[in-house]
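> Quick one, structure for this:
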Amino acid sequence: MMLLLSVRRVSMVLVTALLVQIGSMSMIPSRSAMAAEAIDLKLDAKSAILMDAATGQILYEFNADTALPPASMSKMMTEYLVMESVKSGKHKLDEMVSTSQYAADVIGSGDLLAYKEQVSLQDMFSAMSIYSANDASVALAEFISGTEENFAKLMNEKAKQFGLSEQAHFINATGLSRADLGKYAPKELQGETMLTAKDAALIAYNIIKDYPEILETTKIPSKKFREKDKTPMINWNWMLEGNKDNVNFKKYAYTGLDGLKTGSTDDAGYCFTGTAVRDGIRLISVVMGTPKEPKRFEETRKVLDYGFNNFEKKQVLAANTEIDSLKVVNIKKGIELQVGVATQDGVSLLAKKGAAAEEFKITAAAVDESKLVAPITKGDVLGTAKVSYQGVEKTTNLIATADVVQASWFRLMFRAIGSFFGDLLAGAKS
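Modelled structure (predicted):
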């Protein structure tokens, strides 16, 4: 009989554990959970994605993991590496950049530079970011790395650091195809430049996170490359808010839009990585492979409208808030044996408008016991709180709300003696 009861108990424990595990699994959505709920935007594009610029949270996706030629959108990686070189102190914006024969010869957008012409790095960067100038992009790549191919290798290394897909690949700084490069095609790097829509969005996410000042350049509707030039460079991005009074582009101008990069080739079709900010929310959109130039902006409007119309920033936790599941933590060697903890910062994320409170799961955990030893100073980090919502997680530190003074050796000795006899009596009773 005892054996039978034991078997039954074990069975019940196993079944209970299994049910708990299944319940836990059902609470963990896939990475595309939010995107899967999105409506069909009926886009005339090969792929698209919408991302929160603050967290990388995906709000909508359509064929977002399909690798396609990105055309000049690949220049976003060139922009990032040039800014990284400047910020690291390796180069300066007022340094003069020389134009090689290759840079002067390269086809496509630009055609601004003559062989051996010298222009400041800042002006080269403006030409690349505003006018998508291929000649300026090549000149900058050669200036940073000696050759464009060496620069493309840096682009591929940075792609790995960003966690881009295995399909992400760069062969040059411009996004031109191998055939377009002719005799200047890379020798070691094979294949073509390829990115997924998600890859392009992640590059934009890292640019905005690390070098938001780039947007001060990308938002410029037009600018003269040289003061003596008769006509200015016209930004290929028709959706810039700055175009709201432009007769030619005002129908495309989008409130809050200040970047980021267009791209088009015969192979890629028309592509656009856009970013706009409204009511404190910045979104990143990517559309790839639209059939006509205006269409890339029309489809981008659909994607951004979906984001701004359906999502809102929701503060789930405020700063200095207690978490019900972990209001105090135990402290060793202190006069007090516990101390209260509260959130260091607030936690906000994008959520569907009208999302119920129970859709946000809040958990908390203390730091390792080895760190929970007096003395403790108010503000010390003693744990973390995590907010989960449809596959997106954000964390904040839990900090001590008071000081805990270290107990004297005398107090600790008597505490240990009391604990010893307490355990002894408890053992005797059992």
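> Now do the closest residue to I234 other than its chain neighbours, the pLDDT please.
Spatial nearest neighbour of I234, excluding adjacent residues (C-beta to C-beta, 6 or more residues apart in numbering): S222 at 5.1 Å. Every residue, glycine included, has its C-beta placed from N, CA and C. Note on S222: pLDDT of 97.
> Could you measure from M194 over to H169?
5 Å (C-beta to C-beta, to the nearest Å).
> need the contact list for the residue nearest to I234.
I130, P232, M233, I234, N235 (C-beta atoms under 8 Å, 6 or more residues apart in numbering).
> Look up how far D123 lies from it.
Distance from S222 to D123, by C-beta to C-beta: 15 Å.
> Could you give the number of residues near the closest residue to T377 other than its chain neighbours?
With C-beta to C-beta, 6+ apart as the criterion, T377 has its nearest non-adjacent residue at 5.7 Å, and that residue is D403. Neighbourhood size, D403 [other C-beta atoms under 10 Å]: 16.
> and what of I362?
Neighbour tally, I362, other C-beta under 10 Å: 18.
> thinking it is in contact with E393, fair?
No. With contact defined as C-beta atoms under 8 Å, I362 does not reach E393; the gap is 10.9 Å.
> hmm, back to that, ok, of the contacts of S222, which one's closest to S388?
N235 (39.9 Å; C-beta to C-beta).
> Just the CA coordinates for the host helix or strand of A48, please, in CSV.
Applying DSSP states H and E as the criterion places A48 in strand 47-52. Backbone C-alpha positions of strand 47-52 (Å, rounded to 0.1, in the frame of the first residue of the first chain) are rendered in CSV as follows:
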residue,chain,number,x,y,z
SER,A,47,9.1,42.9,-48.1
ALA,A,48,8.6,45.4,-45.3
ILE,A,49,9.0,45.8,-41.6
LEU,A,50,8.1,48.3,-38.8
MET,A,51,10.3,48.7,-35.7
ASP,A,52,10.3,50.8,-32.6
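> For it, give me every contacting residue.
Against strand 47-52 from outside (C-beta under 8 Å, 6+ apart): 41, 57-64, 66, 68, 196-198, 200-202, 204-205, 281-289, 299, 303-304, 306-307, 311, 349-350.
> Report the strands that pair with that strand, each with its relative direction.
strand 58-62 (antiparallel), strand 281-290 (antiparallel) (DSSP bridges).
> if I read this right, N156 contacts H169, doesn't it?
Yes. Using C-beta under 8 Å, N156 is in contact with H169, at 6.7 Å.
> More neighbours: which of the two?
Under the neighbour definition other C-beta under 10 Å, N156 and H169 were set side by side, and H169 has more, 21 against 15.
> Give me the phi and psi for that one.
The phi/psi pair for H169 (degrees, to the nearest 10) reads phi -160, psi 140.
> what's the answer for the one 3 residues further on, then?
With angles defined as degrees, to the nearest 10, N172 shows backbone torsions of phi -160, psi 180.
> got a pLDDT number for it?
Looking at N172, the pLDDT reads 98.
> what's the answer for K42, then?
94.
> Next: F410.
For F410, pLDDT reads 63.
> And the one 10 residues further on, by the same measure?
Listed pLDDT for F420 reads 56.
> Numbering from 401 from now on, please.
Noted, 401 is the first residue going forward, which turns the last one into F820.
> which residues of the stretch 701-830 of the chain score low on pLDDT?
809-830 (pLDDT under 70).
> which stretches of it form helices?
Assignment of helices within the stretch 701-830 of the chain using DSSP state H, counting those that start in this stretch yields the ranges 809-829.
> what separates F711 from T795, distance-wise?
According to C-beta to C-beta, F711 and T795 sit 21 Å apart.
> whoops, I762 was the one
Distance, I762 to T795, using C-beta to C-beta: 11 Å.
> intersection of neighbour lists for the two?
Joint contacts of I762 and T795 (C-beta under 8 Å, 6+ apart) are A785, K786, V787.
> Burial check on the last one, number of neighbours?
One way to gauge burial is a neighbour count; for V787, by other C-beta under 10 Å, it gives 19.
> Equivalent analysis for the first one, please.
Using other C-beta under 10 Å, the number of residues around A785 comes to 26.
> Fine by me, we can end here.
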